[in-house]
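S.K.: no sequence for this one, just the structure:
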């Protein structure tokens, strides 16, 4: 076991995809630190470019040689662990809570922010005036048409904008992204049609949703962690006969404070996951034990 002391709060971390001993951390003082668990307690590299708290870090799962960070300063930065300075800065002009590389492409970066928008950047495009921005999707939009496949929200033109705190790419369907945040609603988007609004809405949480994680085993299943002290497992409805008819499959309510993180185990039995909360506990549990409960 190894542990490291830092001078400020840590908002996120990500294991290196290139070195099994290295982990990057997102710090409250605006820095990003790279630790190596096989070496001493000091970080092997420290970057200090963000002007405010760094809220997320995410490794490139395809090329494995870069990572991104997002900050309350309204920027996303692209980094290499081998370089002392950032490679690229992408402006969002709003507090950016979550950024990530697509698990299907080494060049596509997504983000969600306080302005209630999902942004997509393609690093293969010319920078020009758009700074690689290829899509700006309003998260608060409702489905544009009323159909049996998407009845939820179809009787209203929009929802009030609210801060989006988390998002995740589907591991099997390369154009599907889930988002969630302060308004408690989980939304599923198909980025092939950015103007169509969400293809599914998943409602049930009582407070803000802090973290989402699509299953690495099932294409229609995702986990959520919320300030209502629960983790919930959902289906987006695509495995059944009624696309868009997503629903809650079960919930885990053993935490006693805000739940801030949840993720799946990639190895062994496909139902295992872990969650963490302000109650200062890490809980490891089996999703299958709460489904239908």
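M.R.: Now that the structure is in, tell me what you want to look at. Note that the coordinates shown come from a computational prediction; the quantities given were computed from them, not determined experimentally.
S.K.: phi and psi next, for residue 200.
M.R.: Main-chain torsions, residue 200, degrees, to the nearest 10: phi -160, psi 150.
S.K.: typo on my end, residue 287
M.R.: Torsion angles, degrees, to the nearest 10, at residue 287: phi -60, psi -40.
S.K.: was I right to think it contacts residue 251?
M.R.: No: using CB atoms under 8 Å as the test, residue 287 is too far from residue 251 to be in contact (10.2 Å). Every C-beta, even on glycine, is put in place using the N, C-alpha and C of the backbone.
S.K.: overlap in contacts of those two?
M.R.: Residues touching both residue 287 and residue 251 (CB atoms under 8 Å, 6 or more residues apart in numbering): residue 233.
S.K.: list the contacts for residue 53?
M.R.: Here residue 53 is in contact with 11, 26, 27, 28, 29, 30, 71, 72 (CB under 8 Å, 6+ apart).
S.K.: now with 7 Å, please.
M.R.: 11, 28, 30, 71, 72 (CB atoms under 7 Å, 6 or more residues apart in numbering).
S.K.: what about those residues, which one has the most neighbours?
M.R.: residue 71 (25 neighbours; other CB atoms under 10 Å).
S.K.: low-confidence ranges, this protein, go.
M.R.: For the chain, applying pLDDT under 70 flags the ranges 144-158, 240-244, 293.
S.K.: any idea which residue sits dead centre in it?
M.R.: residue 167 (3.4 Å; CA atoms, centre = their mean).
S.K.: can you show me the strands along the stretch 101-250 of the chain?
M.R.: Taking DSSP state E, counting those that start in this stretch, the strands of the stretch 101-250 of the chain run over residues 108-113, 117-122, 133-138, 164-169, 176-181, 186-190, 200-202, 209-214, 221-226, 231-235, 247-252.
S.K.: let me have those in TSV, adding distance to residue 45 as columns.
M.R.: TSV is the format used below for those (distance: least, CB to CB, whole Å):
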stretch	distance to residue 45
strand 108-113	21
strand 117-122	24
strand 133-138	29
strand 164-169	27
strand 176-181	30
strand 186-190	35
strand 200-202	39
strand 209-214	26
strand 221-226	30
strand 231-235	33
strand 247-252	37
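S.K.: residue 76 is nearest to which of those?
M.R.: Across the strands of the stretch 101-250 of the chain, residue 76 has its closest neighbour in strand 108-113 (5.7 Å, CB to CB).
S.K.: residues contacting residue 26?
M.R.: The contact partners of residue 26, taken as CB under 7 Å, 6+ apart, are 10, 11, 12, 13, 32, 54, 55, 56, 57, 69.
S.K.: quick check: the residue of the chain most remote from its centre vs residue 4, distance?
M.R.: What lies farthest from the middle of the chain is residue 40; by CA atoms, centre = their mean that is 30.6 Å. Residue 40 sits 10 Å away from residue 4 when distances are taken as CB to CB, to the nearest Å.
S.K.: now do the end-to-end distance for stretch 67-80.
M.R.: 7 Å (CA to CA, to the nearest Å).
S.K.: equivalent analysis for stretch 217-234, please.
M.R.: Taking CA to CA, stretch 217-234 runs 14 Å from one end to the other.
S.K.: now do the same contact list for the closest residue to residue 9 other than its chain neighbours.
M.R.: Once flanking residues are discounted, residue 9 sits nearest to residue 28: 3.9 Å by CB to CB, 6 or more residues apart in numbering. Counting by CB under 7 Å, 6+ apart, residue 28 touches 8, 9, 11, 53.
S.K.: ok, residue 122 touching residue 105?
M.R.: No: under the criterion of CB atoms under 7 Å, residue 122 makes no contact with residue 105, lying 8.3 Å away.
S.K.: perfect, I'm done here.
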